[in-house]
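Participant: From the sequence below, what's the structure:
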Amino acid sequence: MSDAGRKDFSDKMKEEITPDSSKSTQQKMKETVTDTGDKMARGIQPDDQKSAGQEFADKASRSHDREVHGSSGGSVLDKAKNALGMGDKK
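Facilitator: Numbers count the residues shown, from 1 in each chain. The predicted model follows:
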């Protein structure tokens, strides 16, 4: 079960388990689009407004993304603000 407007956990697991070599181009494109939308939603909604399961999944996903991509952390919204010069000034 996932929060409204989010990619269902069971769908994510099925996509991860299924090898890319057995997916059609259409399936791969759909996964890319839905993954991007889910990551955007993950960054916009604060963790304290998520169900416990969604919060856990999002934290795990952010941790994985930081390890794989070397990100400094922060939400999508924070990164957008910083790019526009509207971020927190310390």
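Participant: Look at the closest residue to residue 23 other than its chain neighbours and say how many residues are nearby.
Facilitator: Sequence neighbours aside, residue 31 is the residue nearest to residue 23 in space, at 7.6 Å (criterion: Cβ to Cβ, 6 or more residues apart in numbering). From N, CA and C alone the C-beta is placed, and that goes for glycine too. Other residues near residue 31 come to 18 when the count uses other Cβ atoms under 10 Å.
Participant: can you check the one 3 residues further on too?
Facilitator: Neighbours of residue 34 under the rule other Cβ under 10 Å: 16.
Participant: tell me the SS of it?
Facilitator: Each residue gets one of three states, and residue 34 gets helix by DSSP: H, G, I helix; E, B strand; the rest coil.
Participant: I'd like the distance between it and residue 43.
Facilitator: When distances are taken as Cβ to Cβ, to the nearest Å, residue 34 and residue 43 turn out to be 15 Å apart.
Participant: Let's test this: mean pLDDT of stretch 38-47, rounded?
Facilitator: The pLDDT scores in stretch 38-47 average 87.
Participant: quick one on the thing from earlier: next one, pLDDT for the residue nearest to residue 23 please.
Facilitator: pLDDT recorded at residue 31 is 92.
Participant: and residue 37, what element?
Facilitator: Counting by DSSP states H and E, the element that carries residue 37 is helix 25-44.
Participant: quick one, what contacts residue 42?
Facilitator: By Cβ atoms under 8 Å, 6 or more residues apart in numbering, the contact set of residue 42 is 6, 58, 61-62, 76.
Participant: If we use 7 Å, what do you get?
Facilitator: By Cβ atoms under 7 Å, 6 or more residues apart in numbering, the residues touching residue 42 are 58, 61.
Participant: Equivalent analysis for residue 61, please.
Facilitator: With contacts taken as Cβ under 7 Å, 6+ apart, residue 61 has the following neighbours: residue 42.
Participant: Okay, it and residue 24: tell me how far apart.
Facilitator: Remark: distance between residue 61 and residue 24 (Cβ to Cβ) = 25 Å.
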